[in-house]
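1. pasted the sequence and its predicted model underneath.
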Amino acid sequence: MLRQQRERAQAGWAAWLTEETTQGKGELRAEVAAQRLSNRVLNEVALWQADATPHPSDTIWIEALKTPAICQRLDQTRPAGQVAQLIEALPAEQRDAAWQGEAARLARWGQVPRQVPPAPDRAFEDELVAALPKLPGNSASLAPEVRNALQAPGWTYAAQSAASRCELLRWWSQEQVRTQRMTAPRALHAWRTAMAVRSSGYLLPDVPRSGPGATDANGFPLFARRAELAGTVVVEQDIDAAGKIVRSFVQRREITAAGVRGAPALALERELDAVSLARAATTPTAAPDPAQLRDGTATRRVGIEWVLPPGL
């Protein structure tokens, strides 16, 4: 299957290069064309992982997500390695069918449009992280070692192993089903999307994502400028009775990336999160109407629009 995918990707590369170099007017600089192609290739990997087109193998994964066993031995970070380990964790008699499902998803490489979870479902992980380390639900089905680790001083989601993140996301998917916020297929695809590859680990590693030098003089992130990202990030905030922000997370992203056409920029859409959260935090607040309070807080959403500066 992976050999077929390599051949498929190689066959499409020349066509993509031609497509990029004929966009717009004038000659496109080599480094710009290369970045756009990199955006597209990595995004195709993410689209494979997040593919929500129904397949008979979905029932295998829906059942697998009900217990911690599926994530326990996960230590690979690269997409193909992760998928192989997750399939290996399935009962032997189900593995061929699971591989057939992945082959069907990979066969859609480069096609448009693509069926992926809607923007709010792609913030599945963000809602979980905003609620941690306090578990926002029934933790009985969470792997004990992961549940106990949450109580350790200085615990952060970002510092967790691939297996722990997978398990937290698996548990969160089942919480959505238990509380009837999502159907089982919808929760499955939200989990797959949260596990998908992201640009921060692969593209332009020399460009800082935070701290000094991460933005230009106007506050636009340098990575987003290089990768030609634009669009809107919607931040959700919980505000207490005094008008203080007590919780903040990204509710959805509507981001475009150069080179990505006809599909969401899944692999790159989180690159504007940090600056959007920071900008939303500076938006003035006021004490909410007491009638709007639920469990002591009211909710508001702030849309942060990012317009790509002219000139590359």
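-> Yep, that arrived.
2. please name the nearest non-neighbouring residue to residue 233.
-> Spatial nearest neighbour of residue 233, chain neighbours left out: residue 276 (3.8 Å); criterion: CB to CB, 6 or more residues apart in numbering. Just so you know, the C-beta spots here come from the backbone N, C-alpha and C atoms, and that holds for glycine as well.
3. tell me which element that neighbour falls in.
-> helix 273-281 (DSSP states H and E).
4. before we move on, the earlier item: gap between the residue nearest to residue 233 and residue 305?
-> 9 Å (CB to CB, to the nearest Å).
5. out of those two, which sits in the more crowded spot?
-> Neighbour tally, residue 276 and residue 305, criterion other CB atoms under 10 Å: the higher count belongs to residue 276, 23 against 10.
6. OK, contacts around the more buried one?
-> Going by CB atoms under 8 Å, 6 or more residues apart in numbering, residue 276 touches 233, 235, 250, 304, 306.
7. any idea how far the helix holding residue 276 is from the chain center?
-> In terms of CA atoms, centre = their mean, to the nearest Å, the centre of helix 273-281 is found 17 Å from the chain centre.
8. show me what the helix or strand following it is packed against.
-> For helix 273-281, the succeeding helix or strand toward the C-terminus, using DSSP H and E, is strand 297-306. Contacts defined by 3 or more CB pairs under 8 Å, 6 or more residues apart in numbering; DSSP states H and E place strand 297-306 against strand 229-240, strand 245-257, helix 273-281.
9. let me have those in TSV, adding distance to residue 28 and mean pLDDT as columns.
-> Putting the helices and strands packed on strand 297-306 into TSV (distance: least, CB to CB, whole Å; pLDDT from 0 to 100) gives the following:
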stretch	distance to residue 28	mean pLDDT
strand 229-240	18	97
strand 245-257	16	97
helix 273-281	27	96
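10. present the ones you listed as JSON lines; the columns should include distance to residue 291.
-> As requested, the helices and strands packed on strand 297-306 are arranged in JSON lines below (distance: least, CB to CB, whole Å):
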{"stretch": "strand 229-240", "distance to residue 291": "14"}
{"stretch": "strand 245-257", "distance to residue 291": "19"}
{"stretch": "helix 273-281", "distance to residue 291": "24"}
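11. average pLDDT across stretch 17-33?
-> The average of the pLDDT scores along stretch 17-33 is 76.
12. ends of that stretch, what's the gap?
-> End-to-end distance for stretch 17-33: 7 Å, by CA to CA, to the nearest Å.
13. got the buried residues for the helix holding residue 276?
-> Of the residues in helix 273-281, 273, 274, 275, 276, 277, 279, 280 count as buried by neighbour count, 16 or more other CB atoms under 10 Å.
14. ok, back up a step: how much space separates the residue nearest to residue 233 from residue 285?
-> According to CB to CB, residue 276 and residue 285 sit 16 Å apart.
15. repeat for residue 182
-> Counting by CB to CB, the separation of residue 182 from residue 285 is 30 Å.
16. these two: which has the busier surroundings?
-> Neighbour comparison, residue 182 and residue 285: the larger count goes to residue 182, with 21 against 16 (by other CB under 10 Å).
17. what sits against the more buried one?
-> Counting by CB under 8 Å, 6+ apart, residue 182 makes contact with 121, 173, 176, 190.
18. give me the pLDDT for the last one.
-> Which is residue 190. Looking at residue 190, its pLDDT is 98.
19. and the helix or strand containing residue 85, average pLDDT?
-> According to DSSP H and E, residue 85 maps onto helix 79-88. The pLDDT scores in helix 79-88 average 97.
20. report the buried residues of it.
-> 79, 82, 83, 84, 85, 86, 87.
21. contacts only, for the last one.
-> With contacts defined as CB under 8 Å, 6+ apart, the neighbours of residue 87 are 95, 98, 99, 102.
22. which ones among those lie within helices?
-> Judged by DSSP state H, the contacts of residue 87 include 95, 98, 99, 102 as members of helices.
23. list only buried entries from these.
-> Buried among the ones in helices among the contacts of residue 87 by 16+ other CB under 10 Å: 98, 99, 102.
24. let me see the contact set for the last one.
-> For residue 102, the contacting residues are 1, 48, 83, 87, by CB under 8 Å, 6+ apart.
25. and residue 150, how close does it get to residue 160?
-> Distance, residue 150 to residue 160, using CB to CB: 10 Å.
26. swap in residue 216?
-> With distances taken as CB to CB, residue 216 is found 32 Å from residue 160.
27. between the two, which one's more packed in?
-> Neighbour totals were compared for residue 216 and residue 160, and residue 160 leads with 17 against 12 (other CB under 10 Å).
28. that one and residue 168 touch, don't they?
-> Yes - Residue 160 lies in contact with residue 168 (CB atoms under 8 Å); the separation is 7.4 Å.
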